[in-house]
Structure formats: C-alpha cells, structure tokens
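Asks: sequence plus the predicted model coming up.
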Amino acid sequence: MLATMISGRTLAQGAECEDKMNPDFFKAVALCHLSEKDFQSLGLSEGENVLLRNEHGQVALRAKADSGLPENMVFLPMGPWANILVGKDTGGCGTPHFKGVQVEVTATDMPVLDIRELFLNMGV
C-alpha cells in the first residue's frame, strides 16, 4: 500500500523524550498509526508490525489502528524511527520535510528494533 507519512509530536512521545534509552520511549515512539480501513486491508491485528520503506530507508514499527486518520495516510510519532524515512533535503528552509513523505506500507514479521539496535543497524 502506498501512503503519505506525517510525523509529529504526541503526548506520550513528549513525556518520554528526555530518556530515549527508556523502554517507555520505545513504546511511545516506535509506532505507526494507520486508518482503520488500511489496518484491515493489510490484514493486521493489534500488536502486529508493519514495514515502511521509501528511497531514504526502511523501518519496522508496531501498527495501531486510528479512527482519526484518512485512508492512505500514516502518522509516526517524532523520533529516530520516523527520521529514517525523512530525506535530508530542506528545500532551503533548514528543516527536512517531516510531513508529506511518500512510503510503501506492508505487513511484516520483522521485529521492531529498539533504539540501540536501530542505531547499530544505521552504522552509528
């Protein structure tokens, strides 16, 4: 499924952002919100994972149905998992495009990497 990704702050992400190595940060941020219809069309059940990929990278995330999202749009809490899919182009404004990022979304059995594994996988 092709979708438009937006990323942004959430209450849970904001509450946990001071300690990014904390498992609560992982639970709050390594998450992909999808419309209920997209969630069903991918054959997902609560707690299963999706793989998001584009020309910048790919990342597995826990899937969550969200009645507030339209079809073909996904929301990711701001954090390193979302940043993998964001390009470095700033369009001259100094800030990358965190909204309107095109991604391919598929159901996956791949595990969601914790922050240490994520950075090691990136070569950081």
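Replies: That came through, no problem.

Asks: and stretch 31-49, end to end?
Replies: Using C-alpha to C-alpha, to the nearest Å, the end-to-end distance of stretch 31-49 comes out at 9 Å.

Asks: give me the buried positions along it.
Replies: 31-35, 38-39, 42, 44, 49 (16 or more other C-beta atoms under 10 Å). Backbone N, C-alpha and C define where each C-beta goes, glycine included.

Asks: pLDDT score assigned to D24?
Replies: We have a pLDDT of 70 for D24.

Asks: could you measure from it over to E71?
Replies: 31 Å (C-beta to C-beta, to the nearest Å).

Asks: so for the nearest residue to K37 once chain neighbours are set aside, what's the pLDDT?
Replies: Take K37 and drop its neighbours on the chain: the residue closest to it by C-beta to C-beta, 6 or more residues apart in numbering is E71, 5.3 Å away. E71 is assigned 97 on the pLDDT scale.

Asks: what number of residues lie near E71?
Replies: Neighbourhood size, E71 [other C-beta atoms under 10 Å]: 12.

Asks: which of the helices or strands spans it?
Replies: Assigned by DSSP states H and E, E71 belongs to no helix or strand.
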